[in-house]
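Chemist: One predicted model, sequence on top.
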2 protein chains.
Amino acid sequence: MRHAVPVTMRAGPSQDEVRRQNLGALLRYVHVHGATTRAELTGVLGLNRSTIGALTADLTGAGLVSEGTSRETGRAGRPSLVVRPESERVYAYAYSVEVDRLRAARVGLGGVVLDRRELDRPRNLLAGEAAPLLAGAVKEMHPAVPADGVCVGVGVAVCGMVRREDGMVRLSPPTGWVDEPIGAALAAELGIDVPITVGNVADVAAFAEHCRGVAAGCDNVIYLYGDVGVGAGIIAGGRRLTGHGGYGGEVGHMVVVREGTRCECGSRGCWETEIGEHALLRAAGRHDSRGRDALLALFDAAGRGDARAQTAVRRAGDWLGFGVANLVNIFNPEMVIFGGTIRDLYLASAAQVRSRLNSTGLPACLEHVRLRTPQLGADAALVGAAELAFERLLADPLAAA
Amino acid sequence: MRHAVPVTMRAGPSQDEVRRQNLGALLRYVHVHGATTRAELTGVLGLNRSTIGALTADLTGAGLVSEGTSRETGRAGRPSLVVRPESERVYAYAYSVEVDRLRAARVGLGGVVLDRRELDRPRNLLAGEAAPLLAGAVKEMHPAVPADGVCVGVGVAVCGMVRREDGMVRLSPPTGWVDEPIGAALAAELGIDVPITVGNVADVAAFAEHCRGVAAGCDNVIYLYGDVGVGAGIIAGGRRLTGHGGYGGEVGHMVVVREGTRCECGSRGCWETEIGEHALLRAAGRHDSRGRDALLALFDAAGRGDARAQTAVRRAGDWLGFGVANLVNIFNPEMVIFGGTIRDLYLASAAQVRSRLNSTGLPACLEHVRLRTPQLGADAALVGAAELAFERLLADPLAAA
DNA sequence: GGAATACGTTGCCGGACACAACAAACCGCA
DNA sequence: TGCGGTTTGTTGTGTCCGGCAACGTATTCC
């Protein structure tokens, strides 16, 4: 008996899909690389001059890009027109829900942060209460939007497990959220009729670094992100690894000590019980402190020679290298990026990380791994969240504009 | 300073690429699903009747498919022509290099094994010596090939880490291979001028199960494969996870016990030191035996109530569930398949596996996971290896034929 | 045996890109 | 300042591909 035939089998693209893809490729290029001459686009996209001309005409007509004369090139020949993204006019709203902060930004096409608001987030603030605050920030930013501005979408970054299909936050120990429908709540609160996409912080930060950060051009990347817990955004074969439900990348709950410390997730010995914020502060005897500042103070103390702090940091660095080695063996990535608090831990214990990585990783997998810290800084989550929204535009520029 | 512009940026497909993709989609469909009526193809591929007609005409002209009248359908109307793959004429050679066996097969388009040879593999047989044997098997099979037969490629499955770019076997503890260029050796030995693709056994078996086995239609799959060691073939987002160099999926060397048993890879406490063949036999006190038969005898003894065997099996089952939980948390797959000796271990200790998986896996990740055993049996590696070779044909049918 | 149904085939159409020819803009040099 | 060389934008033409509609054909049902 033959199994059920899948309803959709990807056939090749039809005529107009070719056009959509080419428009998307052109727009994506100027979105990622900034203003670009038509001559350069011809070379990079491998299309004919006339085709590039037609594509830019379409995009200009839709108000997504504008053309201008280039600065003097110093070379002979007619100067090529420069295509630049309409960063001021075409934008997305980006949110980041963090442990103790709510952040909102208006991000222009091309990845520029045009405007931003930040609020403290009281502990135990649920999605239903956070949504009005976030929507309020947007309303505050609204007057600065040009009259002909067009919002192409909303992206949200949350430090938790997000169901891909509807943006439900299934579990987020740092914020205390369990099954909080932040996507739906925001949709109800914001009047505007644009799609809302929710993603995990580590995922979107990885996405951002892959688009326009250290990992540009790398198709196999693991981005470790630590706040209270530890998560990963994984790029495999150039695409985000989301898993079936959208929960992929929960490396913080990879168990590394069989009957180890109890974890918030209910299991024991998870990786984050060894390299997370709590673990480090506890190991250093600082049971009462918490938060990123406390962690930085700890690293600082270790740097200044505090023996107990040093022991705790080295131990955590060793565990960091251990987990990274496991991930490297599983994924064979080209680059591992240490973000959030993990960045600080890595910088404070690079020797331990490398040592353990080299002893535990398979030689072949270690050959081309580069260990890096993020390039985009604190805005990575916002830029990445906006990137989620822009994806829809880039997939079909004319329809979304 | 802007980073270096990537040399290639995927533009949309050109005109003839559309044709290639549609030809590939049609050929892939009949390759995977067997003989199909043109009417059904019209529905599944979403193309017009006339287009399907033109595509099949092209493929028929290239000798890749043939058309015939269908059996009576019982429905009114003119019966649709049936498109079937030219399984007898279009074929690939598939090899499998296992611990103690060398296997070769001629696999027809559609995935049918047309002919096969098996040889014992003496321990310590290197690639340079294996290649002539494998080539000899092909020469033996040659007389049975029809006069107008066309070989579209060669695929090789090896139980080890394979460099993707050139098919070099970097490390294969079971066979004792280190940096053995099996791809190049086979290319030199076989006179035929066809591309040779080498892959890891677990990878190709996963590929086969994803194409035409239990995992058909599942886009996020982990296929665990055990022989002496343990590896995984991983399908993420519908595509094989190869990693940067091709070494992805080495889950057997995920360390689960920090300073555990020494592993052949040089590290300690790797997962396969707890669930591999050696580990099981050792734990059951059967230090002198080895190989799959010994393992089956062990499971048999456990099933009959042998206390020591039961303890060993349950313990290994628990570790199996433990590692699967880690992988499920990282990948959020839709299905986990237990193949090779891991299949037997799973069947002998399903209760332990599930119990540990449920206690260690994150609830959200466990929601839709299905645990399965392979559907393709012992031929999975050969069929999968052939699939590697067919991939090139399916990507551009007319050029490859 | 005729009506109904479903399918293959053919010719035509519009969309998309490549190509070639021409026009435009810039540089360098005399 | 003027001219050739160079590079690029623009426009018209050609080719390819898939959709569409009309027609012919093969089968079932009544």
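Modeler: Ah, there it is.
Chemist: helix or strand for the residue of the stretch 151-300 of chain A found nearest chain B, which one?
Modeler: Nearest residue of the stretch 151-300 of chain A to chain B: A:G243, at 2.7 Å (CB to the nearest CB). C-beta coordinates here come from the backbone N, C-alpha and C atoms, glycine included. For A:G243, there is no host helix or strand (DSSP states H and E).
Chemist: thought A:A386 was touching A:Y95?
Modeler: No. Here A:A386 does not reach A:Y95: they are 9.5 Å apart, not a contact under CB atoms under 8 Å.
Chemist: The nearest residue to the residue of the stretch 151-300 of chain A closest to chain B once chain neighbours are set aside: neighbouring residues, count only.
Modeler: Of all residues beyond its chain neighbours, the one nearest A:G243 is B:N332 (2.7 Å), with distances taken as CB to CB, 6 or more residues apart in numbering or on different chains. By other CB atoms under 10 Å in any protein chain shown, the residues close to B:N332 number 29.
Chemist: And B:N332, how close does it get to B:G110?
Modeler: According to CB to CB, to the nearest Å, B:N332 stands 33 Å off from B:G110.
Chemist: Compute the number of surrounding residues for the residue in chain A that DNA strand D sits nearest to.
Modeler: Distances between chain A and DNA strand D by CB to the nearest atom of the strand are smallest at A:G77, namely 2.0 Å. For A:G77, the neighbour count with other CB under 10 Å is 7.
Chemist: now do A:C151
Modeler: Residues near A:C151, counting by other CB under 10 Å: 18.
Chemist: max-length helix in chain A?
Modeler: Secondary structure of chain A per DSSP state H: the longest helix is helix A:307-331.
Chemist: What residues sit buried inside that helix?
Modeler: Neighbour-count burial for helix A:307-331 flags A:309-310, A:312-331 (criterion: 16 or more other CB atoms under 10 Å in any protein chain shown).
Chemist: Tell me where the stretch 151-300 of chain A has helices.
Modeler: In the stretch 151-300 of chain A, helices defined by DSSP state H, counting those that start in this stretch lie at A:182-189, A:201-212, A:272-275, A:277-283, A:292-303, listed in chain order.
Chemist: can you list these in a markdown table and add mean neighbour count, distance to B:G149 and mean pLDDT?
Modeler: Shown next, in a markdown table, are those (neighbours: other CB atoms under 10 Å in any protein chain shown; distance: least, CB to CB, whole Å; pLDDT from 0 to 100):
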| stretch | mean neighbour count | distance to B:G149 | mean pLDDT |
| --- | --- | --- | --- |
| helix A:182-189 | 20 | 56 | 94 |
| helix A:201-212 | 28 | 45 | 97 |
| helix A:272-275 | 26 | 57 | 96 |
| helix A:277-283 | 20 | 63 | 94 |
| helix A:292-303 | 17 | 67 | 94 |
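Chemist: Adding distance to chain B, write these out as JSON lines.
Modeler: As requested, these are exported to JSON lines (distance: least, CB to the nearest CB, whole Å):
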{"stretch": "helix A:182-189", "distance to chain B": "15"}
{"stretch": "helix A:201-212", "distance to chain B": "9"}
{"stretch": "helix A:272-275", "distance to chain B": "10"}
{"stretch": "helix A:277-283", "distance to chain B": "15"}
{"stretch": "helix A:292-303", "distance to chain B": "22"}
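Chemist: now these as CSV including distance to DNA strand D?
Modeler: CSV is the format used below for the helices of the stretch 151-300 of chain A (distance: least, CB to the nearest atom of the strand, whole Å):
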stretch, distance to DNA strand D
helix A:182-189, 34
helix A:201-212, 24
helix A:272-275, 50
helix A:277-283, 52
helix A:292-303, 48
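Chemist: returning to what we had before: please report how far the residue of the stretch 151-300 of chain A closest to chain B lies from B:R20.
Modeler: With CB to CB as the criterion, A:G243 and B:R20 are 31 Å apart.
Chemist: shouldn't A:G248 be in contact with A:T242?
Modeler: Yes. Taking CB under 8 Å as the definition, A:G248 is a contact partner of A:T242 at 5.2 Å.
Chemist: Neighbour count: those two, which is higher?
Modeler: In terms of neighbours (other CB under 10 Å), A:G248 is the more surrounded of A:G248 and A:T242; the figures are 29 against 22.
Chemist: about what we covered before: looking at A:G243 and B:R20, which one has more neighbours?
Modeler: Each of A:G243 and B:R20 has its neighbours counted (other CB under 10 Å); A:G243 has more, 27 against 18.
Chemist: quick one: that one and B:F331 touch, right?
Modeler: Yes. Counting by CB under 8 Å, A:G243 touches B:F331, with 5.6 Å between them.
Chemist: pLDDT averaged over the longest helix of chain A, what's the number?
Modeler: The pLDDT scores in helix A:307-331 average 97.
Chemist: Skipping its backbone neighbours, what lies nearest A:E140 in space?
Modeler: A:R117 (6.0 Å).
Chemist: give the contact list for that neighbour.
Modeler: A:103-105, A:137, A:140-141 (CB atoms under 8 Å, 6 or more residues apart in numbering or on different chains).
Chemist: To what extent is A:L41 buried, counted in neighbours?
Modeler: The tally of other residues near A:L41 (other CB under 10 Å) stands at 27.
Chemist: And the strands in the stretch 1-150 of chain A?
Modeler: A:36-37, A:65-69, A:81-85, A:90-97, A:101-108, A:112-120, A:150-158 (DSSP state E, counting those that start in this stretch).
Chemist: packing partners for the first one?
Modeler: In terms of contact count using 3 or more CB pairs under 8 Å, 6 or more residues apart in numbering or on different chains; DSSP states H and E, strand A:36-37 is assigned the packing partners strand A:81-85.
Chemist: how close does the residue nearest to A:W177 when sequence neighbours are not counted get to A:A185?
Modeler: Closest residue to A:W177 apart from its sequence neighbours, by CB to CB, 6+ apart: A:V169 at 5.0 Å. Distance of A:V169 to A:A185, computed by CB to CB: 10 Å.
Chemist: For A:G248 and A:T242, list the residues in contact with both.
Modeler: B:N332.
Chemist: residues from chain A in reach of DNA strand D?
Modeler: Contact residues (CB under 7 Å from any atom of the strand) of chain A with DNA strand D: A:12, A:14-15, A:37-39, A:42, A:49-50, A:52-53, A:75-81.
Chemist: Among the residues you listed, name the buried ones.
Modeler: Buried members of these, scored by 16+ other CB under 10 Å, are A:12, A:37-39, A:42, A:52-53, A:80-81.
Chemist: just how off-centre is the helix or strand just after the longest helix of chain A within its chain?
Modeler: The C-terminal neighbour of helix A:307-331 among helices and strands, as given by DSSP H and E, is strand A:335-340. Taking CA atoms, centre = their mean, to the nearest Å, the mean C-alpha location of strand A:335-340 is offset from the chain mean by 12 Å.
Chemist: List the buried residues in the following helix or strand past strand A:335-340.
Modeler: Using DSSP H and E, the helix or strand that follows strand A:335-340 towards the C-terminus is helix A:341-348. The neighbour-count check on helix A:341-348 (16+ other CB under 10 Å) flags A:341-346, A:348 as buried.
Chemist: repeat for stretch A:126-141
Modeler: A:127, A:130-131, A:133-135, A:137-138, A:141.
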